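Novice: Based on what follows, work out the 3D shape:
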Amino acid sequence: MLVDCARRAVADGAADVEEQADRHAAAFAASLVGDVINATGVLLHTNLGRAPVPMVSSGRPTNLEFDTVTGTRGSRHAAVSSLLSVLTGAEAAVVVNNNAAAVMLVLAALAHGRDVAVSRGESVEIGGGFRIPDVMEQSGARLVDVGTTNRTGAADYAKAIASPRNDIALVMRVHPSNFSVEGFVSSAPLRELAGLGVPVVADIGSGLLDSTCPWLHGRTDGVPAFLRNEPAVRQSLEDGAAIVTFSGDKLLGGPQCGIIAGRADLVATCASHPLMRALRPGGHTLQLLQAALLSFAARTACDDIAFWRMLALDAGVVRDRAEAVVSAAGAGSVVPVSALVGAGSAPGAVLPSFAVAVDGDVSARLRACALPVVARVDRGVTLLDLRTVDPADDAAVVAALASL
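Specialist: All right, here's what the predicted structure looks like:
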């Protein structure tokens, strides 16, 4: 790579070829995927990999598709499916590489060549320009818009199902996770849709396993207010959803993946579809997801899972850490701020937090540190929110601030 950088410097015709080669080499090094410190105050920052997970491995082979009891081929989904059954009440589950893939596979396996009823207010676009109508088209299913942008009732779905022009295979609910519509709005409860005689697929996106958050009991003042209206897997299934799709790297706090959970026969149809081979995750992803699910089962998520540690952190503790950082660095001041959940989860929800404030925009200099510190700039002030910084990295933040 250094030779390539040198050749490009020569081709550039720069006056100082060595200096230009150094610039190319530095740019390449910065492009490599590596660790950063998230001081943005966004707990699930999509550009920073969403939920941070520890990348550790013994380096040994795994029993990914091997049954150590019988000595025969096993399923890579067996353990995760069992864990999700206990945690959410799903009959079965399979995992793919992200939630868009989960939606694509469900539609291709269960509705190819047929119609899927979706409220006009739920034909959403997620990050990167991916749109529900486009995913629907690629799956081979046909989109049937029902209701209006702001109001869609069960009668709208029933009308679409009864129409001789349609061949409705599924009713699909899509959680508009990265925006909210307020005012003169209404949507049909999931329980009403489940009574229409057509399987309901609930794409809840953000991946809250259980709205009661039993892993928080005894750790906080109860379930945070912004999670009380967030759709959850267990409650969606209890309300009659046949299939629930969701992400692994949002509120679940695990690795990037998509999960399909629900009725065993429908999950089996998805698992046997040819697309499953292309969309299935690797062993490392499944091990990280399994570790997160085991933490939920043991109710140690607030200790083991970085996202839930950040979420459950008392604002007073964040303030004390910020004051200690300012004192040790001899730079900045402590200011109250609002942190965000991020990654299209709980839109509009904020958490009280504290940041180290530095006058001026020094964000580029912080990113240039050996361990890059990613901060945010608000009205000419650089803010380093300590809620999203692992306490083990406070010393690195001190060093970065001292270098200013």
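Novice: can you list the domains in the chain?
Specialist: Annotated domains of the chain cover 30-51+308-402, 66-301 [automatic domain parsing].
Novice: so how far is the first residue of the shortest one from its last?
Specialist: Spelled out, it's domain 30-51+308-402. Using Cα to Cα, to the nearest Å, the end-to-end distance of domain 30-51+308-402 comes to 22 Å.
Novice: cool, the last one as well?
Specialist: The first residue of domain 66-301 is 28 Å away from its last residue (Cα to Cα).
Novice: what about it, average pLDDT?
Specialist: Mean per-residue pLDDT for domain 66-301: 91.
Novice: repeat for stretch 23-36
Specialist: Taken as a whole, stretch 23-36 has an average pLDDT of 94.
Novice: cool, and stretch 366-380?
Specialist: Averaged across stretch 366-380, pLDDT comes to 95.
Novice: Please render the domains of the chain as JSON lines that adds mean neighbour count and distance to Asp12 to the earlier fields.
Specialist: Just so you know, the C-beta spots here come from the backbone N, C-alpha and C atoms, and that holds for glycine as well. JSON lines is the format used below for the domains of the chain (neighbours: other Cβ atoms under 10 Å; distance: least, Cβ to Cβ, whole Å):
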{"stretch": "domain 30-51+308-402", "mean neighbour count": "19", "distance to Asp12": "18"}
{"stretch": "domain 66-301", "mean neighbour count": "19", "distance to Asp12": "32"}
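Novice: Asp394: what's it in contact with?
Specialist: By Cβ atoms under 8 Å, 6 or more residues apart in numbering, the contact set of Asp394 is 321, 324-325, 386.
Novice: Then Cys213?
Specialist: 223, 227.
Novice: same deal with Ala322?
Specialist: Here Ala322 is in contact with 334, 354-356, 386 (criterion: Cβ under 8 Å, 6+ apart).
Novice: Can you pick out the most distant pair from those?
Specialist: With Cβ to Cβ as the measure, no two of the contacts of Ala322 lie farther apart than Val334 and Leu386, at 9.1 Å.
Novice: and for the two, which residues touch both?
Specialist: 322, 354-356.
Novice: which of these lies closest to Gly183?
Specialist: Ala355 (33.0 Å).
Novice: Helix, strand, or coil at the closest one?
Specialist: strand (DSSP: H, G, I helix; E, B strand; the rest coil).
Novice: So in terms of bridging, what pairs with it?
Specialist: Val335, Asp385 (DSSP bridges).
Novice: Just confirm it contacts Thr388, I think it does.
Specialist: No: the criterion here is Cβ atoms under 8 Å, and Ala355 misses it with Thr388 at 9.8 Å.
Novice: shared neighbours, these two?
Specialist: In contact with both Ala355 and Thr388: 39, 41, using Cβ under 8 Å, 6+ apart.
Novice: For Val80, which residues are in contact?
Specialist: Counting by Cβ under 8 Å, 6+ apart, Val80 touches 93, 95, 286, 289-290, 293.
Novice: Turn the contacts of Asp394 into CSV, columns for secondary structure and pLDDT.
Specialist: Below are the contacts of Asp394 laid out as CSV (DSSP: H, G, I helix; E, B strand; the rest coil; pLDDT from 0 to 100):
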residue, secondary structure, pLDDT
Arg321, helix, 98
Ala324, helix, 98
Val325, helix, 98
Leu386, helix, 98
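Novice: If we only consider these, which is nearest to Pro231?
Specialist: Using Cβ to Cβ, Leu386 is the member of the contacts of Asp394 that lies nearest Pro231, at 30.3 Å.
Novice: quick one: the strands in the stretch 101-250 of the chain?
Specialist: 115-119, 142-146, 151-152, 168-174, 186-187, 200-205, 243-247 (DSSP state E, counting those that start in this stretch).
Novice: Go through the ones you listed and name the closest to Arg23.
Specialist: Nearest of the strands of the stretch 101-250 of the chain (Cβ to Cβ): strand 243-247, 37.9 Å.
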